[in-house]
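>>> Okay, predicted coordinates and the sequence, questions at the end:
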Amino acid sequence: MALMNSEFRRKIDLLLLLTKKEITLKYKRTVLGVIWSLLNPVLFALVLFIAFKIFMRIQMENYIFFFLSALFPWNWFSASITVATGTLIGNVHLIKKVRFPRHFLILSTIIAQLVNLLFALPIIVGFSYFYGEGPGISWLLAVPILIVIQFIVTMGICMAISMVNAYFRDMEYIIGIAVTMLFWVTPIIYPLNMVPKAYRIYLIFNPLTHLITAWRDIFMSNSIDWGDIGISFGISMIFFFLGILVFKRLGKRLDEVL
Amino acid sequence: MNYIVEVENVWKRFPMRRERPGFKEFIVNLPRFIKRDENSNFWALKDLSFKVKEGECLGIVGKNGAGKSTLLSLILGTIYPTRGNIKVSQKVTPLLELGAGFHPDLTGRENILINGVLLGLTKGEVTKRMEEIAAFSEIGEFIDMPVRTYSTGMYLRLAFAIAINTDPQLLLIDDILAVGDETFQQKSREALIRLIKGGATTILVSHNLAAIREMCDKAIWLVEGKIGAEGEPERVVEEYVRHTG
C-alpha cells in the first residue's frame, strides 16, 4: 500500500514538474516573464475595442465582452492543439530513452496553456462588473465544470493529432489550417442565432459550439444551460475515447517512426 | 530464486523504409503500401529467450548492430516486441543515453528534479538528495546555471550522478563506463560496482570486455539478433573474441 502511494505521489510530481517546465520554458529569457500571460489578453482587448468599437462601430451591445468571453476559452483550446501537435516529436529523447507515461507530455502542455485562460479571467470579471451584474455564485460551479469538459475534449484531440503527426508529418500543416477554419465556424465572433436556420444544424457537429456557448452564458449572463453542458460533455467524452484509442494503437510502434 | 527479467521468444522487427515517399510515389505505389512488403523489414532480434535473476549482473557483448541496444530498450519498455513476451518485475533505471531528459535552458537543479522523478523518485526524495547529487557530479556552483552552459563532461557527470542516486533496482547500462576524466571515471566505476555488489540487478552492454569479465556473473554474446553463446563471462567473451578476431 505504501508503495502504491509513493508511486501515485511520483506520478503527480512528474506531471507537476513537466507542467512547470513547460511554463518556465515558455517565458525563459524574457524580461516580463509570466506577466505576458496577463498583458497579452489586455492588449488584445484594447485592440478589439479600437477595431470594433471605434473603427467599425459594431452595433451589437457589449460586443467586446461578447467576443472575449468566447475568445479566451477558444485560445486555450487552439494554443493547446497547436503546441501539442509537436509535443511527441519534440520529446524524442525522453520518449526513446526514459520510461514514463507518454500522455503526461500532452497533459502538461494543456495544463500549461490553461494558465493563460486563468490569467485572462480577471479581465472577464472586470467586463462582467462593468457591463453586467458582476460574477455570481453560479460561476463557482460552471467555470470548473466547463474547464473540465474543455480539458477532456482538448486532451482527446491532442492525443490523436500528436500521435498521428509522428507518423504523418503533414498533420502539422493540416492542423494549422483546420484550427483557423474551426475558429470561423464556431460561434465566437458571432452569436449562434445569427447563423441561418438551414446551416445551424451543421454547427452541431462542431465539438466546440455548445461548449463556447456555455462559456458565454456563464460569463455574460451568469446562467447555466445544462443542455449545452450535457451535450458538450457527451461530445468531449467521444473525442476523449477516440483520442485514447488512437494514442494506444499507434503508440505501440511510435519508436519506429520517431 | 526470483527472476527479475524474463525474455521469452522475443522478436523485434523494424520496417526498412527508405526516405519518406513523396506524394507522387505514394499515389503510384499505393497498393504496395497497403499490402506492406514483408521483405522490407529488418529483424533486429530473432526468437530471443533468457532470464535474469535477482541481484545478477548480466553482460551482453556483440558487434555493432547485433541488437544489443534494441534489447535494452525492450527491457526498459520504451519499445515493444513484435512477437514474444518480456516480463520485468522491478523498477528499471536506464543508463542508456545520459542526460536524455535534460533541457538546455533549465538549471542543473531544475534538471536534477525532473530527471530524478523520471527515474523513479518522488520530488521530496530528489530534494533530499539534491546536495548529494550535486557533490557527486563535482560541478560546483554551475548547479544553478542553465545546463547549456555546461561542458560535455559536466553534462555527463551530472546525468550519471542523478542516475546513480535514484536507488536503482534494475540497472540497464549501455556502454557508458567512460564518463568524464580519469578521476571521475574511476569514481563512477567504483559507484557502479558498489551498486552491483550491493544487490542491484544489472544488465550491462559493453565493448569493454575487461569490464564484462570483472563485473558480470553471466554473459550473452549476441550475433545478428540471436544468442551466439551464453554462460560464464570468461568463456562467452573468449568465444566472442575468437569469432570476431
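Yes, it's here. Numbering: from 1, shown residues only, chains lettered A, B, ... in the order given.
>>> Who are the contact partners of residue B:16?
B:40-42 (CB atoms under 8 Å, 6 or more residues apart in numbering or on different chains). All C-beta atoms are positioned from the backbone trio N, CA, C, and that covers glycine.
>>> Tell me where chain B is predicted with low confidence.
B:1, B:17-23, B:25-26, B:29-39, B:176-178, B:245 (pLDDT under 70).
>>> Which residues of it lie near chain A?
For chain B, the contact set with chain A under CB under 8 Å from any CB of the partner chain comprises B:14-15, B:20, B:73, B:76-80, B:92, B:94, B:96-97, B:100-101, B:103, B:105-106, B:110, B:113-114, B:117-124.
>>> Would you list the buried entries among these?
Taking 16 or more other CB atoms under 10 Å in any protein chain shown as the criterion, what is buried in these is B:14, B:73, B:76, B:78-79, B:92, B:94, B:96, B:100-101, B:103, B:106, B:110, B:113-114, B:117-123.
>>> leaving aside the residues next to it on the chain, what's closest to the residue nearest to the spatial centre of chain B?
With distances taken as CA atoms, centre = their mean, residue B:96 lies nearest the centre of chain B, 3.4 Å away. Of all residues not flanking residue B:96 in the chain, residue B:174 sits nearest, at 4.6 Å (CB to CB, 6 or more residues apart in numbering or on different chains).
>>> Repeat that for residue B:50.
Going by CB to CB, 6+ apart, residue B:50 has residue B:7 as its nearest residue, at 5.3 Å.
>>> Surely the one you found is in a strand?
Yes - counting by DSSP: H, G, I helix; E, B strand; the rest coil, residue B:7 falls inside a strand.
>>> That one pairs with what?
Note on residue B:7: beta-bridge partners residue B:50, residue B:86, judged by DSSP bridges.
>>> what residue ranges in the stretch 151-258 of chain A are flagged as low confidence?
In the stretch 151-258 of chain A, no residues with pLDDT under 70.
>>> Right, and chain B sits closest to which residue of it?
Per CB to the nearest CB, residue A:255 is where the stretch 151-258 of chain A lies closest to chain B, at 4.1 Å.
>>> Is the nearest residue to that residue once chain neighbours are set aside in a helix, a strand, or coil?
Residue nearest to residue A:255 in three dimensions, not counting chain neighbours: residue B:79, with 4.1 Å by CB to CB, 6+ apart. Taken by three-state DSSP, the conformation at residue B:79 corresponds to coil.
>>> doesn't residue B:70 make contact with residue B:79?
Yes - using CB atoms under 8 Å as the test, residue B:79 is close enough to residue B:70 to be in contact (7.3 Å).
>>> So for those two, which residues contact both of them?
Shared contacts of residue B:79 and residue B:70, counting by CB under 8 Å, 6+ apart, come down to residue B:12.
>>> how much space between residue B:188 and residue B:209?
Remark: distance between residue B:188 and residue B:209 (CB to CB, to the nearest Å) = 19 Å.
>>> what comes up buried for stretch B:238-245?
For stretch B:238-245, by 16+ other CB under 10 Å, it's B:239-240.
>>> Check the offset of that stretch from the chain's centre.
24 Å (CA atoms, centre = their mean, to the nearest Å).
>>> on that earlier part again, list the ones among the residues of chain B next to chain A that fall in helices.
B:73, B:76, B:110, B:113-114, B:117-118, B:123-124 (DSSP state H).
>>> show me where the chain has helices.
Went with chain A since none was named. A:2-27, A:35-48, A:63-85, A:87-90, A:92-97, A:103-131, A:138-167, A:171-184, A:197-203, A:209-221, A:226-251, A:254-257.
>>> meant chain B, my bad for not saying
Assigned by DSSP H, the helices in chain B fall at B:23-28, B:30-35, B:68-76, B:108-118, B:123-137, B:152-164, B:182-197, B:209-215, B:233-244.
>>> neighbouring contacts of the third one?
The set of residues external to helix B:68-76 that reach it, using CB under 8 Å, 6+ apart, is A:96, A:99, A:255, B:5, B:7, B:10, B:12, B:44-45, B:48, B:60-62, B:79-81, B:86, B:88, B:92, B:94, B:96, B:172, B:174, B:203, B:205, B:222.
>>> Could you pull up the residues touching residue 166?
Since no chain was named, I'll use chain A. Here residue A:166 is in contact with A:88-89, A:250, A:254, A:257-258 (CB under 8 Å, 6+ apart).
>>> Can you look at chain B instead?
Contacts of residue B:166 (CB under 8 Å, 6+ apart): B:93, B:116, B:119-121.
>>> How about residue B:240?
B:61-62, B:209, B:221, B:228-229.
>>> Settle it for me: which of residue B:188 and residue B:209 has more neighbours?
residue B:188 (22 against 17; other CB atoms under 10 Å in any protein chain shown).
>>> State the number of residues packed around the residue of the stretch 51-200 of chain A found nearest chain B.
Closest to chain B within the stretch 51-200 of chain A is residue A:97: 3.6 Å, counting by CB to the nearest CB. Residue A:97 has 21 neighbouring residues, counting by other CB under 10 Å.
>>> Quick check: buried residues in stretch A:193-211?
A:195, A:203, A:207-211.
>>> actually stretch B:70-89, not the one I typed
So stretch B:70-89, judged by 16+ other CB under 10 Å, has buried residues B:70-76, B:78-79, B:81-82, B:84, B:86, B:88.
>>> which two from those residues end up farthest apart in space?
B:82 and B:88 (17.6 Å; CB to CB).
>>> Quick check: the gap between residue B:204 and chain A.
As for residue B:204, its distance to chain A is 17 Å (criterion: CB to the nearest CB, to the nearest Å).
>>> any idea how far residue B:233 is from that residue?
Residue B:204 is 10 Å from residue B:233, by CB to CB.
>>> Look at the two and report which has more neighbours.
residue B:204 (26 against 22).
>>> Beta-bridge partners for that one, please?
Under the criterion used (DSSP bridges), residue B:204 bridges to residue B:59, residue B:173.
>>> Surely it and residue B:59 touch.
Yes - counting by CB under 8 Å, residue B:204 touches residue B:59, with 5.0 Å between them.
>>> shared neighbours of these two, which are they?
With CB under 8 Å, 6+ apart as the test, residue B:204 and residue B:59 both reach B:211-212, B:215-216.
>>> For residue A:233, give me its contacts.
For residue A:233, counting by CB under 8 Å, 6+ apart, the contacting residues are A:149, A:152.
>>> again with residue A:172
A:85-86, A:165.
>>> Going by neighbour count, which of those residues comes out on top?
residue A:85 (26 neighbours).
>>> Verify the stated contact: that one with residue A:160.
No - Residue A:85 is beyond contact range of residue A:160, at 10.3 Å (criterion: CB under 8 Å).
>>> Now list the buried members of the contacts of residue B:16.
Buried among the contacts of residue B:16 (16+ other CB under 10 Å): none of them.
>>> Show me which of those is closest to residue A:138.
So of these, ranked by how close each gets to residue A:138 (CB to CB), first place is residue B:41, at 59.2 Å.
>>> can you list the residues of the stretch 1-150 of chain A near chain B?
With CB under 8 Å from any CB as the criterion, the stretch 1-150 of chain A meets chain B at residues A:6, A:9-10, A:13-14, A:16-18, A:21, A:24-25, A:28-29, A:93-100.
>>> change it to 7 Å
A:6, A:9-10, A:13-14, A:17, A:21, A:25, A:28, A:93-100 (CB under 7 Å from any CB of the partner chain).
>>> picking up where we left off before, looking at the contacts of residue B:240, which has the most residues close by?
residue B:61 (28 neighbours).
>>> Please tell me how far the closest residue to residue A:117 other than its chain neighbours sits from residue B:231.
Leaving out its chain neighbours, the residue that sits closest to residue A:117 by CB to CB, 6+ apart is residue A:76, at 4.3 Å. As for residue A:76, its distance to residue B:231 is 59 Å (criterion: CB to CB).
>>> And the residue nearest in space to the middle of chain A, what's its pLDDT?
In chain A, the C-alpha nearest the mean C-alpha coordinate belongs to residue A:77, at 2.3 Å (CA atoms, centre = their mean). For residue A:77, the model assigns a pLDDT of 97.
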